[in-house]
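Asks: structure for the following, please:
(4 chains)
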Protein chains: 2
Amino acid sequence: MNGQPKVPVPTLARLATYYSLLREAEEAGVETLNSARIEGLSGIAATQIRKDLSRFGELGKPGVGYNVSELREHIGKILKLDRVQHVVIIGAGRLGQALAAYPGLADYSFEVVGLFDSDAKKIGKTLSGHLVRDVATLSKSLPGLGARIVAIAVPASSAQGAADAAFAGGARWLLNFSPTHIKSPADCLVRDVSFTQEFAVLAHYSEDK
Amino acid sequence: MNGQPKVPVPTLARLATYYSLLREAEEAGVETLNSARIEGLSGIAATQIRKDLSRFGELGKPGVGYNVSELREHIGKILKLDRVQHVVIIGAGRLGQALAAYPGLADYSFEVVGLFDSDAKKIGKTLSGHLVRDVATLSKSLPGLGARIVAIAVPASSAQGAADAAFAGGARWLLNFSPTHIKSPADCLVRDVSFTQEFAVLAHYSEDK
DNA sequence: TACTGTGAAGCGCTTCACAGCG
DNA sequence: CGCTGTGAAGCGCTTCACAGTA
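Replies: Okay, here's the model as predicted:
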């Protein structure tokens, strides 16, 4: 998709974890952190942490560790959290509202710039601090909102329609919270978050001893 | 006594996908489905599907495919969705409410038997159809609720405390929706669902302007 | 001495090619 | 012939052992 060195998704996920933990350490005034301490804070093995970070250059100092703010900044650049990322949310139900109001998003420089729904009772109202707009207008208004990322928080039956409207509006990165498979153009990336899947995995383990 | 063969987590996740899609096919009156059709419905490669299913015996018929209701039932047993799974949710904020009311949970035979919060304004009220109870009483009331699985939907700052109360009440399987690492006893299993992590992974792929 | 960086080994999931059965 | 089941190859992430550096 772009010409940068490919970073494995599991690594990216861990980088997001480091980022969040480094933010907290920075606010607490911690200046350096070594891989063993990061393991204690994150549950991720120290060797794994060093391996992840070494991919991007020599970020740490032997005998000392990693400089907290430098490392946070560096990871921010890799994850592109060094700029504001505009996000649009489709679906103003409980989940959509939860996402729209989620404080964690702001911590990562995500900004919700639009909340859409198809329910006439919700359109025009302000929910979770956002004006609810008609999803029928999505594909036309999306380019003007400058949103790179669209989150789908609608029931399974309307998910593909919502996604198609997003694609028509130029969206290329989707986070799909609906429990259904979304067919997407080849140059688009859809990431699924399935609550039921997570519960089901846990259920499988629920009886062994 | 763990006599069952270990099933990889990625496989379990896909089984949950098959299960959901088979439910729909069953309701639509479809009797058989072959791996190519399941690929079309799920986006999962046909060879992967056959490999996944072959692990549990010869479930399909060459030249025909898989019997929809038989397969759904079989997967239900593997994932232990053939019985009601009681779930307790800690945190009655927007996310906790979204989970408590999520229709997908009922489709998988999950039943929310308790919704807890620490906010005195919420305790005693009914939200998303559930009475909100005081989280301070959680560890005592948990055994009586018969919940195997506990979902943590509280802010990061109270997540460890909520988890500890759940562990004290005998919970051993946690779904953690808070953006923080939870320390858990060795015989407990914590699965993390991090919205910000998912957004961050997507952000990495977003194009430079 | 304390800690990072890294080549190599290890391991598990995925993909392939094709055997086997209805 | 159509479609599943499977041993084997492929591949990528993780873990290990230790070299290298402040």
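
Asks: list the buried residues of the longest helix belonging to chain A.
Replies: Using DSSP state H to define each element, chain A has its longest helix at helix A:9-27. Under the neighbour-count criterion of 16 or more other Cβ atoms under 10 Å in any protein chain shown, helix A:9-27 has A:11-12, A:14-23, A:25-26 buried. Just so you know, the C-beta spots here come from the backbone N, C-alpha and C atoms, and that holds for glycine as well.

Asks: go on, stretch A:110-129?
Replies: The neighbour-count check on stretch A:110-129 (16+ other Cβ under 10 Å) flags A:Phe110, A:Val112, A:Val113, A:Gly114, A:Leu115, A:Phe116, A:Asp117, A:Ser118, A:Lys122, A:Ile123, A:Leu127, A:Ser128 as buried.

Asks: and for stretch A:59-74?
Replies: Within stretch A:59-74, the residues that count as buried by 16+ other Cβ under 10 Å are A:Leu59, A:Gly60, A:Gly65, A:Tyr66, A:Asn67, A:Val68, A:Leu71, A:Arg72, A:His74.

Asks: do the same with stretch A:26-43
Replies: A:Glu26, A:Thr32, A:Leu33, A:Asn34, A:Ser35, A:Arg37, A:Ile38, A:Leu41, A:Ser42.

Asks: tell me the one of the residues you listed nearest B:Leu99?
Replies: Nearest to B:Leu99 among these is A:Ser42, at 24.6 Å by Cβ to Cβ.

Asks: correct me if wrong: the closest one contacts A:Tyr18.
Replies: Yes: under the criterion of Cβ atoms under 8 Å, A:Ser42 makes contact with A:Tyr18 at 7.0 Å.

Asks: hang on, the earlier thing: and the buried residues of stretch A:59-74 as CSV, adding distance to B:Arg133, pLDDT and secondary structure?
Replies: Formatted as CSV, the buried residues of stretch A:59-74 follow (distance: Cβ to Cβ, whole Å; pLDDT from 0 to 100; DSSP: H, G, I helix; E, B strand; the rest coil):
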residue, distance to B:Arg133, pLDDT, secondary structure
A:Leu59, 47, 97, coil
A:Gly60, 47, 97, strand
A:Gly65, 44, 98, strand
A:Tyr66, 43, 98, strand
A:Asn67, 45, 98, strand
A:Val68, 40, 98, helix
A:Leu71, 42, 98, helix
A:Arg72, 39, 98, helix
A:His74, 45, 98, helix
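
Asks: touching the worst-scoring helix or strand of chain A on mean pLDDT from outside, list them.
Replies: Every helix and strand in chain A was compared by mean pLDDT, DSSP states H and E; the lowest is helix A:103-107, with a mean of 94. The contact list for helix A:103-107, computed with Cβ atoms under 8 Å, 6 or more residues apart in numbering or on different chains, reads A:Ser20, A:Arg23, A:Val87, A:Leu99, A:Glu111, A:Val112, B:Pro155, B:Ala156, B:Pro179, B:Phe195, B:Thr196, B:Phe199.

Asks: and the longest strand anywhere in chain A, what does it pack onto?
Replies: In chain A, with assignment by DSSP state E, the single longest strand is strand A:110-117. Under the contact definition 3 or more Cβ pairs under 8 Å, 6 or more residues apart in numbering or on different chains; DSSP states H and E, strand A:110-117 sits against strand A:85-90, helix A:94-101, strand A:130-134, helix A:138-145, helix B:195-205.

Asks: now what about that strand, what contacts it?
Replies: The contact list for strand A:110-117, computed with Cβ under 8 Å, 6+ apart, reads A:84-93, A:96, A:99-100, A:105, A:123, A:127-128, A:130-135, A:137-138, A:141-142, A:145-147, A:149, B:196, B:199, B:203.

Asks: following the longest helix of chain A, which helix or strand shows up next?
Replies: Counting by DSSP states H and E, the next helix or strand C-terminal to helix A:9-27 is strand A:32-33.

Asks: okay, domains of chain A per the record?
Replies: Structural domains annotated on chain A: A:9-78, A:85-197, as defined by automatic domain parsing.

Asks: just send those back as a markdown table, with distance to B:Val7 too.
Replies: As requested, those are arranged in a markdown table below (distance: least, Cβ to Cβ, whole Å):
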| stretch | distance to B:Val7 |
| --- | --- |
| domain A:9-78 | 19 |
| domain A:85-197 | 14 |
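
Asks: which of the helices and strands packed on strand A:110-117 sits closest to DNA strand D?
Replies: Judged by Cβ to the nearest atom of the strand, the one of these that comes nearest to DNA strand D is helix B:195-205, at 12.2 Å.

Asks: export the closest one to PDB, keeping only CA atoms.
Replies: Once non-C-alpha atoms are left out, helix B:195-205 reads as follows in PDB (Å, rounded to 0.1, in the frame of the first residue of the first chain):
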ATOM      1  CA  PHE B 195     -10.100   0.000  21.000                       C
ATOM      2  CA  THR B 196      -7.200   2.400  20.900                       C
ATOM      3  CA  GLN B 197      -4.900  -0.300  19.800                       C
ATOM      4  CA  GLU B 198      -7.100  -1.200  16.900                       C
ATOM      5  CA  PHE B 199      -7.400   2.500  15.900                       C
ATOM      6  CA  ALA B 200      -3.600   2.900  16.200                       C
ATOM      7  CA  VAL B 201      -2.900  -0.100  14.000                       C
ATOM      8  CA  LEU B 202      -5.200   1.400  11.300                       C
ATOM      9  CA  ALA B 203      -3.600   4.900  11.800                       C
ATOM     10  CA  HIS B 204      -0.200   3.400  11.000                       C
ATOM     11  CA  TYR B 205      -1.500   2.400   7.600                       C
END
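
Asks: which residues are contacting it?
Replies: Counting by Cβ under 8 Å, 6+ apart, A:1-2, A:7, A:9, A:12-13, A:15-17, A:19-20, A:78-81, A:85, A:87, A:99, A:102, A:104-105, A:107-108, A:110, A:148-149, A:151, A:173, A:175, A:189, A:191, A:193, B:177, B:179 sit against helix B:195-205.
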